[in-house]
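J.: Sequence first, predicted model second:
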Amino acid sequence: MFYSQADQLYACIQAILARIQQEAPAEIEAIITSNLIIRLRCSELNAQITLNGRRRPLQATYGRSSLRPHLDIELTGDTLHHILLGELSLKKALSSKLMKVRGPIWKAFALAGFFQKGQAFYPQVLRELGLGL
């Protein structure tokens, strides 16, 4: 297991979101334009990240949220890690059931830019947080 605790995952996603906001704000805007509440759940870490695309600026909640998601994505921390490294595509993760989506799956494309831009920042974020590669 790459992440040993939820706080490591939260720190990575928080740093990636901040970088995307600074360097590629159009990808954050795509989530807001989708008008979706998206929850990422990593069951083995008991971690949840909720992105509220119904508010400006985009709000991210780390841990439990009372918001009801339109799109609920369940995957392991390792699956998310491999997606962010670019070693696993979203399409492959979905087709091999490494990533389960509840809700209108076609709306998951609102996150495509987040994952694509996140891949560019992820290795550096890992190094900065001492999680190395």
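T.: Structure's in. What do you need?
J.: Tell me where the model's unsure across the protein.
T.: 133 (pLDDT under 70).
J.: Stretch 126-133: which residues count as buried?
T.: Residues of stretch 126-133 classed as buried by neighbour count (16 or more other C-beta atoms under 10 Å): 126, 131. In short, each C-beta sits where N, CA and C put it, glycine included.
J.: scratch that, stretch 38-55 is what I was asking about
T.: Quick answer for stretch 38-55 (16+ other C-beta under 10 Å): 38-42, 45, 47-53.
J.: what does stretch 93-108 give?
T.: 93-94, 98-99, 101, 103, 108.
J.: Can you give the contact residues for that stretch?
T.: Stretch 93-108 has contacts (C-beta atoms under 8 Å, 6 or more residues apart in numbering) with 34, 36, 69-76, 79, 83, 88, 90, 92.
J.: now the strands for the chain?
T.: 37-42, 47-52, 59-62, 71-75, 99-102 (DSSP state E).
J.: which strands and helices sit next to the fourth one?
T.: Pointing back at strand 71-75 there. strand 37-42, strand 99-102 (3 or more C-beta pairs under 8 Å, 6 or more residues apart in numbering; DSSP states H and E).
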